[in-house]
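S.K.: The sequence isn't on hand, but the structure is:
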């Protein structure tokens, strides 16, 4: 079945450092790809998404590009802030019957220190 | 408004209790989801409702019983739970459940503890 593999961490960075979180996927067909973020004590929020090859999703300074040739969707941010401390999940959409479901990676906890 | 609300925020129940979790959205979405999330793990899909009909049941034990009374409301009825069912229960909704790239919007979750 379809699956997602991502860096698990935890990772600790200093403020203004560069962030990369690797995500690769295994899928039949061409799934949509997502990055969700979960702040402490909260539900998940969509950070960005891409629905086809070479699409770039971006939001709040974060970017990720759908790379079909390397089956990857790595998340990057040029300068992290303390407020970016959270758990980041890479996910893909998997069609089952007539419905789409999300398949998540294991998540990576990021802590950003001032 | 992209808000999904869940009540209660916290719930403590004994193994013989019956309780319900409630989820509501007013975005006109026609797909709603229940997920279970254990500590330091990703969410695991439990159920999907599409146009108020159950479309996916991920082999969830019958002590969890979902209900979708209308397109805005999703309930999860709990009965005879086990301590290992303690987790964060997340509700989500999306425009439809079959659209490629449909974004799922998550609620804040209900933190359930089974004693």
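M.R.: Ah, there it is. Since this is a predicted model, take the numbers as computed values, not measurements. Numbering: from 1, shown residues only, chains lettered A, B, ... in the order given.
S.K.: Identify the residues contacting residue A:76.
M.R.: Listed by Cβ atoms under 8 Å, 6 or more residues apart in numbering or on different chains, the contact set of residue A:76 reads A:18-21, A:62-64. C-beta coordinates here come from the backbone N, C-alpha and C atoms, glycine included.
S.K.: Can you give me the buried ones in the longest strand along chain A?
M.R.: Assignment by DSSP state E gives strand A:86-96 as the longest strand of chain A. Residues A:86-94, A:96 are the ones in strand A:86-96 that count as buried (16 or more other Cβ atoms under 10 Å in any protein chain shown).
S.K.: about what we covered before: by neighbours, which of the contacts of residue A:76 wins?
M.R.: residue A:64 (26 neighbours; other Cβ atoms under 10 Å in any protein chain shown).
S.K.: so what secondary structure elements neighbour the helix or strand of chain A with the lowest mean pLDDT?
M.R.: Every helix and strand of chain A was ranked by mean pLDDT, DSSP states H and E. The lowest is strand A:99-104, at a mean of 86. Under the contact criterion of 3 or more Cβ pairs under 8 Å, 6 or more residues apart in numbering or on different chains; DSSP states H and E, strand A:99-104 touches strand A:3-6, strand A:86-96, strand B:44-50, strand B:53-57.
S.K.: just checking, what packs against the following helix or strand past that strand?
M.R.: Downstream of strand A:99-104, the first helix or strand assigned by DSSP states H and E is strand A:108-113. Using 3+ Cβ pairs under 8 Å, 6+ apart as the contact test, the elements touching strand A:108-113 are strand A:11-14, strand A:19-21, strand A:86-96.
S.K.: Show me what the second one is packed up against.
M.R.: Pointing back at strand A:19-21 there. Using 3+ Cβ pairs under 8 Å, 6+ apart: strand A:19-21 touches strand A:75-77, strand A:108-113.
S.K.: Just the residues contacting the helix or strand harbouring residue A:63, thanks.
M.R.: Element membership of residue A:63, judged by DSSP H and E, is strand A:62-65. Applying Cβ under 8 Å, 6+ apart, the external contacts of strand A:62-65 come out as A:23, A:33, A:35, A:47-48, A:50, A:54-58, A:73-77.
S.K.: cool, and stretch B:27-39?
M.R.: Residues outside stretch B:27-39 that contact it (Cβ under 8 Å, 6+ apart): A:99, A:101, B:1-3, B:23, B:25, B:43-51, B:66, B:68, B:71, B:74, B:76, B:87-97, B:102, B:104-106, B:109.
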